[in-house]
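In: Need a 3D model of the following:
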Amino acid sequence: MSPDEDRFQSILIVAGMHRSGTSSVAGLYHLMGADIGRSVMPPADDNPKGFFENENIVFAHDQLLASLGRSWDMDSPLPEEWLAAPETGMAFKKLCGILEFEFDPAQPVWMVKDPRVSLLLPLWTRIAKAMGRQIRVVTLLRHPEEVATSLLAREGMLFELGV
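Out: Okay, the predicted model is just below:
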C-alpha cells in the first residue's frame, strides 16, 4: 500500500452516551460503506433500525470494564493506571483479534460504535496505531435531561443516574 492509500485507512469511532443518536449516525456511516464487522447486534424494540454495533466488541468492552471494577452506567472514573493494567493488555489483544478476524482489510473505514468507547478512547487510539490506521472520532451530544428521560423509559434507570 502506498503512503497516499495508507492515509485513507481509518477506524471511525462513533462516541456518545446511550440514547444520544449514535445509532442513527452509525447507520448513515454504514450505508456509506463503513465496515462494522460480521457480528452485528440485531435490532431491538427500542432501536428497530439497528444499533450498528459489533457484539464481540461490546462484549470485550464490558469484560474490560468489569475487570476494572466498572460498568457503562457508573459515573466514577476508570482507575488511574487502567491503560497499563494487565486486563487492558488482554483487552487490547482481544480487540485487535476481533478487528483482524471480523473486519475486511480492504475496507478503508472500519467503524466502532458502542457508548462504552467514550470511556475507552485512549485504548482505541493505541489499537488504531497498532492496526496501521488513522483514528477518526465523531462525538454526539444530546442534552443530559433528554438522555436521562430516554434511559428512564428504556431501562427504568433513575433519572438522576441517567443525567
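In: what about the residue nearest to S71 when sequence neighbours are not counted, how many neighbours?
Out: Distances taken as CB to CB, 6 or more residues apart in numbering place L65 nearest to S71, at 5.5 Å, with adjacent residues excluded. The way it works is simple: take the backbone N, C-alpha and C, and place the C-beta from them, glycine included. L65 has 21 neighbours, counted by other CB atoms under 10 Å.
In: just checking, W124 touches V14?
Out: No: counting by CB atoms under 8 Å, W124 does not reach V14; the two are 11.3 Å apart.
In: pLDDT of the helix or strand hosting G89, averaged?
Out: Taking DSSP states H and E as the definition, G89 sits inside helix 86-102. Mean pLDDT, helix 86-102: 98.
In: Check which helices and strands that helix is in contact with.
Out: Applying 3 or more CB pairs under 8 Å, 6 or more residues apart in numbering; DSSP states H and E, we find helix 86-102 packed against helix 55-67, helix 117-130.
In: Quick one: distance of stretch 61-76 to the chain centre.
Out: From the chain centre to the centre of stretch 61-76 is a distance of 14 Å (CA atoms, centre = their mean, to the nearest Å).
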